[in-house]
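>>> Here you go, sequence then predicted model.
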Amino acid sequence: MMNGTRPLLLIPVENQVRELDPKLLLACVAAKHGFSSIVGSRREMEFNIDAFPRAIYLSKSMTIRSLLFFRIARRFGHKIVAWDEEALVHLPPKTYFSRRLDAATIKYVLSLFAWGQDNVDLWRQYPHTPKETPIHAVGNPRGDMLRTEIRTYYEHDAEALREKYGDFILINTNFNHVNAFGADINLFRPVKKPGEKARFGRAARGMSREYAKGLYEHKLAVFERFKALIPALEAAFPAHTIVVRPHPTENHHVYREIAARCQRVRVTNEGNVVPWLMAAKALVHNGCTTAVEAFVMDVPAISYRAVVNEDYDTGFYRLPNGLSHECFSFDELKQTLDSVLRGELGPPAGAERQSLVDRYLEAQDGPLACERMVRVLESLEKYPDDSSSSSLSGGLQRWILARGLDLARRVKSHLPGSHNKPEYQLHRYPALPLDDIRGRMARFQQLLGYRNEIHIEPVSDVMFRVQALSGRAMI
């Protein structure tokens with residue numbers, strides 16, 4: 001049964017472990033307000049955009065990669081709103097603009113959802129942001145998952161982690177620029193001959209060669225320190241398990257090799273990071289977004305900065321490092337961790353740190369970010385539909401575009417460094433059973449006190465339709 005009172009929402013998910021639960025929360029809140037949603041794999045949603053009735057598409061980025069899709073989506077009558085999943089901990093403006101925004105792409109967006117005021121100011125600095133495009137500082141569904149009243153969603157998961165791993169120190173890595181799932185996705189591709197000039201990988205898109213080279217060298221140096229850190233922490237803290245949680249797009253092989261030489265090192269990227277933070281005794285990282293999440297959740301976070309390059313550490317990683325206890329040697333890290341584990345040192349705190357996170361992250365209290373987003377989505381119904389998809393010529397265009405989408409999918413699946421390769425997509429978004437999705441939604445309903453039944457049905461093995469059975473706003 002389709003809901004006729006509100007437009008359909010299309011909510012794409014790229015990294016399942018990071019994005020799926022927050023976007024199911026958004027779909028749950030939207031159902032309360034009469035919206036039906038389809039939540040699932042971004043790749044499958046975009047390549048099958050011709051199969052959906054006119055909808056509002058909630059894009060997670062506005063790169064040049066999205067330009068062709070945005071044009072096609074508009075031809076099919078869809079409205080586009082957007083946020084940037086990478087805009088919380090972001091590159092310096094000039095590099096961020098060339099990497100994460102595109103002048104032609106952003107013109108297709110009706111409304112922008114910002115993480116906070118820093119994100120608003122960043123987008124307003126971009127010379128190609130249309131002046132008439134509203135930017136709403138509403139927060140992000142991922143931020144909602146950190147709030148006290150919502151993160152109990154993960155209490156059972158956190159307890160299971162405590163039982164499985166005991167007392168553990170969590171190491172979150174973010175070396176996807178130098179240790180990506182596929183070598184072509186790194187900042188630079190492997191050279192085939194000695195002395196050959198390395199070509200850009202996908203991660204360097206939009207960067208100058210100078211900036212990419214400096215970032216590569218810095219990240220590689222930090223990566224080497226973290227590889228040595230893992231067994232050193234195991235030896236220093238024999239009463240604790242060391243859990244290594246790689247970035248969602250990292251290659252796990254090097255960490256598994258280290259774990260094989262250790263007794264109490266475990267490597268996993270299972271599930272959302274929130275229950276891991278709830279269960280961990282402390283977090284160790286370097287410039288990782290997880291430190292922002294830890295700060296909001298009052299979890300002790302330590303930034304291990306044995307290698308320092310302020311051009312990148314301040315220009316890129318100021319927020320997560322600034323919200324952490326910073327340690328510049330292993331001895332300092334060991335001493336700080338020991339104080340945390342003994343209960344002598346708590347999470348980083350202070351007015352300066354709170355002021356910093358307040359600037360970057362909206363909706364830490366009051367209405368959820370999801371509620372604020374839905375209010376904006378309700379206002380989009382007044383925007384006229386200027387697509388030509390209902391005319392005879394529009395129908396022909398739809399047919400041509402649908403065939404083009406199918407061809408594009410086939411071609412992209414074989415390109416070096418492509419995010420569309422089947423094995424990479426399976427790594428980022430494995431199929432989930434219907435009962436799993438229904439169970440997650442039921443937990444959200446219970447937390448939010450929503451009494452009306454929400455119906456969930458599969459659209460495919462990686463996409464699900466979510467809607468309130470009543471077709472009316474829930475009370």
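Nice, thanks for sending it over.
>>> in the lengthiest helix in the chain, what's buried?
Secondary structure assigned by DSSP state H gives helix 209-236 as the longest helix of the chain. Buried residues in helix 209-236, counted by 16 or more other CB atoms under 10 Å: 211-212, 215-216, 218-220, 222-223, 226-227, 229-231, 233-234, 236. (C-beta placed from N, C-alpha, C; glycine too.)
>>> now stretch 306-318
Per 16+ other CB under 10 Å, stretch 306-318 contains these buried residues: 306-307, 309, 312-313, 315-318.
>>> how about the CA coordinates for it, as PDB?
Extracted C-alpha coordinates of stretch 306-318, given in PDB (Å, rounded to 0.1, in the frame of the first residue of the first chain):
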ATOM      1  CA  ALA A 306      53.400  10.100  17.600                       C
ATOM      2  CA  VAL A 307      53.800  11.700  14.200                       C
ATOM      3  CA  VAL A 308      52.800  15.400  13.900                       C
ATOM      4  CA  ASN A 309      52.100  17.500  10.800                       C
ATOM      5  CA  GLU A 310      50.100  20.500  11.800                       C
ATOM      6  CA  ASP A 311      49.200  21.300   8.200                       C
ATOM      7  CA  TYR A 312      47.000  18.200   8.200                       C
ATOM      8  CA  ASP A 313      46.400  17.700  11.900                       C
ATOM      9  CA  THR A 314      45.100  21.200  12.400                       C
ATOM     10  CA  GLY A 315      43.700  21.800   8.900                       C
ATOM     11  CA  PHE A 316      41.900  18.400   8.600                       C
ATOM     12  CA  TYR A 317      41.700  16.800  12.100                       C
ATOM     13  CA  ARG A 318      41.300  19.700  14.400                       C
END
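>>> Read off the pLDDT value for the closest residue in space to V307 that isn't next to it in sequence.
Once flanking residues are discounted, V307 sits nearest to A221: 4.4 Å by CB to CB, 6 or more residues apart in numbering. Here, the pLDDT recorded for A221 equals 98.
>>> those helices in the stretch 101-250 of the chain, which residues are they?
103-106, 117-125, 141-144, 148-151, 155-165, 209-236 (DSSP state H, counting those that start in this stretch).
>>> Mind putting these into a markdown table with distance to R359?
Shown next, in a markdown table, are the helices of the stretch 101-250 of the chain (distance: least, CB to CB, whole Å):
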| stretch | distance to R359 |
| --- | --- |
| helix 103-106 | 23 |
| helix 117-125 | 5 |
| helix 141-144 | 13 |
| helix 148-151 | 21 |
| helix 155-165 | 29 |
| helix 209-236 | 24 |
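>>> G322: which of the ones you listed is closest?
helix 117-125 (12.4 Å; CB to CB).
>>> rewinding a little: tell me if I'm right that the residue nearest to V307 and R305 touch.
No. Checked against CB atoms under 8 Å, the pair A221 and R305 is beyond contact range at 11.1 Å.
>>> Run through the bridge partners of G40.
Per DSSP bridges, the residues bridged to G40 are P12, M463.
>>> Quick one, grab the pLDDT at it.
In this model, G40 carries a pLDDT of 96.
>>> who are the neighbours in contact with it?
Neighbouring residues of G40 by CB atoms under 8 Å, 6 or more residues apart in numbering: 11-13, 459-460, 462-464.
>>> now E149
L447.
>>> gap between it and V296?
13 Å (CB to CB, to the nearest Å).
>>> try G214
31 Å.
>>> same deal with G195?
48 Å.
>>> same check, this time on T289
From T289 to V296 the distance is 11 Å (CB to CB).
>>> And this protein, what are its domain boundaries?
Following automatic domain parsing, one finds the domains of the chain at 8-140+363-468, 152-360.
>>> Which of those comes out lowest on mean pLDDT?
Averaging pLDDT over each of those puts domain 8-140+363-468 lowest, since it has a mean of 87.
>>> Now for C28: which residues touch it?
370, 441, 444-445, 448, 450, 454, 466.
>>> what do you get if the cut-off is 6 Å, keeping everything else the same?
F444 (CB atoms under 6 Å, 6 or more residues apart in numbering).
>>> tell me how far the ends of stretch 67-83 are from each other?
This stretch, stretch 67-83, spans 15 Å end to end (CA to CA, to the nearest Å).
>>> before we move on, the earlier item: can you add distance to P92 and neighbour count and give the contacts of G40 back as a markdown table?
As requested, the contacts of G40 are exported to a markdown table (distance: CB to CB, whole Å; neighbours: other CB atoms under 10 Å):
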| residue | distance to P92 | neighbour count |
| --- | --- | --- |
| I11 | 30 | 27 |
| P12 | 27 | 22 |
| V13 | 28 | 25 |
| V459 | 40 | 16 |
| S460 | 40 | 14 |
| V462 | 35 | 21 |
| M463 | 36 | 20 |
| F464 | 38 | 22 |
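>>> and the two most separated of those residues?
I11 and S460 (14.5 Å).
>>> Would you work out how far apart the start and end of stretch 191-204 are?
Start-to-end span of stretch 191-204 (CA to CA) is 16 Å.
>>> contacts for that stretch?
Against stretch 191-204 from outside (CB under 6 Å, 6+ apart): 177, 184-189, 212, 417.
>>> try 10 Å
65, 99, 176-178, 180, 182-190, 206-207, 209, 211-213, 215-216, 219, 249, 415-419 (CB atoms under 10 Å, 6 or more residues apart in numbering).
>>> which residue sits closest to S36, ignoring its sequence neighbours?
In space, S36 is closest to Q467, 3.8 Å off (CB to CB, 6+ apart).
>>> where along this structure do the strands fall?
For the chain, the strands defined by DSSP state E occupy 8-13, 37-41, 55-59, 79-82, 111-114, 135-137, 168-172, 241-245, 265-267, 282-285, 301-304, 325-327, 454-460, 463-468.
>>> what would these look like in JSON lines with distance to A160?
Formatted as JSON lines, these follow (distance: least, CB to CB, whole Å):
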{"stretch": "strand 8-13", "distance to A160": "23"}
{"stretch": "strand 37-41", "distance to A160": "24"}
{"stretch": "strand 55-59", "distance to A160": "31"}
{"stretch": "strand 79-82", "distance to A160": "35"}
{"stretch": "strand 111-114", "distance to A160": "33"}
{"stretch": "strand 135-137", "distance to A160": "36"}
{"stretch": "strand 168-172", "distance to A160": "13"}
{"stretch": "strand 241-245", "distance to A160": "13"}
{"stretch": "strand 265-267", "distance to A160": "14"}
{"stretch": "strand 282-285", "distance to A160": "19"}
{"stretch": "strand 301-304", "distance to A160": "22"}
{"stretch": "strand 325-327", "distance to A160": "28"}
{"stretch": "strand 454-460", "distance to A160": "24"}
{"stretch": "strand 463-468", "distance to A160": "24"}
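>>> if we compare those strands, which one ends up closest to M145?
M145 lies closest to strand 8-13 among the strands of the chain, at 13.9 Å (CB to CB).
>>> Give the burial count for N286, as a bare number.
28 (other CB atoms under 10 Å).
>>> again with the one 4 residues further on
Neighbour count for T290, taken as other CB under 10 Å: 23.
>>> how near is the residue lying closest to it once chain neighbours are set aside to V13?
Excluding its sequence neighbours, the residue lying closest to T290 (CB to CB, 6+ apart) is N172, at 4.4 Å. As judged by CB to CB, N172 and V13 stand 20 Å apart.
>>> cool, and S339?
Counting by CB to CB - S339 and V13 are separated by 39 Å.
>>> same deal with V138?
Taken as CB to CB, the span from V138 to V13 is 19 Å.
>>> for S460, same thing?
Distance from S460 to V13, by CB to CB: 13 Å.
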